[in-house]
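> Show me the folded form of this:
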Amino acid sequence: MDSPGNTHLISIGYILWIFGFTGSHRFYYGKPISGTIYFFTLGLLGIGWLIDLFLIPGMEREAGRRFRAGVVDYTAAWILLTFLGLLGIHRMYMGKWITGLIYLVTGGLLGFGYLYDFWTLNRQISEVNHWET
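Residues are numbered from 1 along each chain as shown. Prediction:
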């Protein structure tokens, strides 16, 4: 169950799990290496994807210990990245207007910046939140 103040919601984790063969739920919870492995192996041929159905609550708790809430909401930024990342909307949301506009006119720097952000978005949000507090 989601609780207020959590940085990464379990409900969003399960929604992203539906696309888990792409590793999206693992990227969301701050696990870019296994997210990349899932991406290239289709969720470890579906087996890891099914196992993650039971591991998501633990990933949510771990993310809650690693990341702190602030002015930029992790979940909102991840939703924007996932669905509008090539347009840079997530970067504009974080206050990174220049790179957001660059993403807008270059298709997320031809997709490479978009992939980079899947690896680093949690860290980027943490840095923005650290400077805003």
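
> burial count for L50?
For L50, the neighbour count with other Cβ atoms under 10 Å is 12. All C-beta atoms are positioned from the backbone trio N, CA, C, and that covers glycine.

> With H130 instead?
Neighbours around H130, by other Cβ under 10 Å: 10.

> Now the residue located most distally from the centre of the chain: which helix or strand?
What lies farthest from the middle of the chain is V105; by Cα atoms, centre = their mean that is 22.3 Å. Using DSSP states H and E, V105 sits in helix 97-110.

> Against which helices or strands is that helix packed?
Applying 3 or more Cβ pairs under 8 Å, 6 or more residues apart in numbering; DSSP states H and E, one finds that helix 97-110 makes contact with helix 89-93, helix 112-132.

> could I have the last one exported to CSV, CA atoms only?
So that's helix 112-132. Extracted C-alpha coordinates of helix 112-132, given in CSV (Å, rounded to 0.1, in the frame of the first residue of the first chain):
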residue,chain,number,x,y,z
PHE,A,112,20.5,8.7,-26.3
GLY,A,113,19.7,11.4,-23.7
TYR,A,114,16.4,9.6,-23.1
LEU,A,115,18.3,6.4,-22.3
TYR,A,116,20.8,8.3,-20.2
ASP,A,117,18.0,9.7,-18.1
PHE,A,118,16.6,6.2,-17.4
TRP,A,119,20.0,5.4,-15.9
THR,A,120,20.3,8.7,-13.9
LEU,A,121,16.9,10.2,-13.2
ASN,A,122,16.8,9.2,-9.5
ARG,A,123,20.2,10.8,-9.0
GLN,A,124,19.2,13.9,-10.9
ILE,A,125,16.1,14.3,-8.8
SER,A,126,18.0,13.8,-5.6
GLU,A,127,20.5,16.5,-6.6
VAL,A,128,17.7,19.0,-7.4
ASN,A,129,15.9,18.2,-4.2
HIS,A,130,19.1,18.6,-2.2
TRP,A,131,19.8,22.1,-3.6
GLU,A,132,16.1,23.1,-3.1
